[in-house]
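*Asks:* Got a predicted structure here, sequence first:
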Amino acid sequence: MNGKKILLIALIINIVFLGFYISVNPISAAQEEETQVQAPVPQETAQSQDPQDQWEMLRQRQEQLTLREQELKELEVKVEEKIKKLQALEASIQAEVDSYRQLSDERIRHLVKIYSSMKPNAAASLMNQLDLDVAVEVFLNMKGDIAGGILSYMDTQKAAAITKRLANYRNKQTTVAEQK
């Protein structure tokens with residue numbers, strides 16, 4: 001109840017002050033029209049000014065445009081520098097990726113030589129222990145008759161999974177070649 005009384009008293013005080021303000025500062029329609037007429041319109045003032053003032057305004061605008069143009073050129077230089085840095089970074093990353101691929105290819109070739117020189121039965125028991133992706137890479141780089149001999153000694157489920165991946169790999173390579 002106290003909160004409502006306080007709000008009611010504050011409202012009454014505000015109404016009293018508003019009434020006092022209006023009685024002291026009456027605003028008539030004539031005063032409003034005077035203030036509207038006195039407000040300058042930018043286009044009219046530009047036409048009514050003398051040529052010297054207009055020339056000065058044009059000069060200032062030209063200076064502002066020149067400053068903006070310089071700022072834009074500086075931003076363009078910064079953007080070009082960032083692009084060059086990003087291109088250098090991209091080239092560096094691409095070189096690292098190429099190096100990694102080359103190293104990976106060398107390792108796979110080395111494994112192919114090792115498994116190709118082994119007896120098929122011994123190679124098959126080792127290939128059963130390899131990760132499926134590595135085994136597929138090794139088989140992709142082997143001669144067909146050697147790969148077939150090793151696959152015949154491998155666990156049938158693993159051999160089937162490898163064969164399926166080899167077939168899918170060939171299909172993917174054909175699709176990629178057709179898209180290019």
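*Replies:* Perfect, I can see it now.
*Asks:* With Arg109 as the reference, measure out to the residue nearest in space to the middle of the chain.
*Replies:* With distances taken as C-alpha atoms, centre = their mean, the chain has Leu86 as the residue nearest its mean C-alpha position (13.4 Å). Using C-beta to C-beta, to the nearest Å, we find Leu86 at a distance of 34 Å from Arg109. Using the backbone N, CA and C atoms, a C-beta is placed for each residue, glycine as well.
*Asks:* which stretches of this protein have low pLDDT?
*Replies:* 1, 3, 26-49, 170-180 (pLDDT under 70).
*Asks:* if I read this right, Ala147 contacts Val136, doesn't it?
*Replies:* No - Ala147 lies out of contact with Val136 (C-beta atoms under 8 Å); the separation is 10.6 Å.
*Asks:* So between the two, which is more surrounded?
*Replies:* Higher neighbour count among Ala147 and Val136: Ala147, with 23 against 19, using other C-beta atoms under 10 Å.
*Asks:* tell me which element the more buried one falls in.
*Replies:* Element membership for Ala147 (DSSP states H and E) is helix 144-153.
*Asks:* Tell me what angle the longest helix anywhere in the chain forms with helix 144-153.
*Replies:* Looking across the chain with DSSP state H, the single longest helix is helix 51-117. Relative orientation of helix 51-117 versus helix 144-153 (axes from the mean of the first three to the mean of the last three C-alpha atoms, to 10 degrees): 70 degrees.
*Asks:* What are the buried residues along the next helix or strand after helix 51-117?
*Replies:* Under the assignment DSSP H and E, the closest C-terminal helix or strand after helix 51-117 is helix 120-127. The neighbour-count check on helix 120-127 (16 or more other C-beta atoms under 10 Å) flags Pro120, Ala123, Ala124, Met127 as buried.
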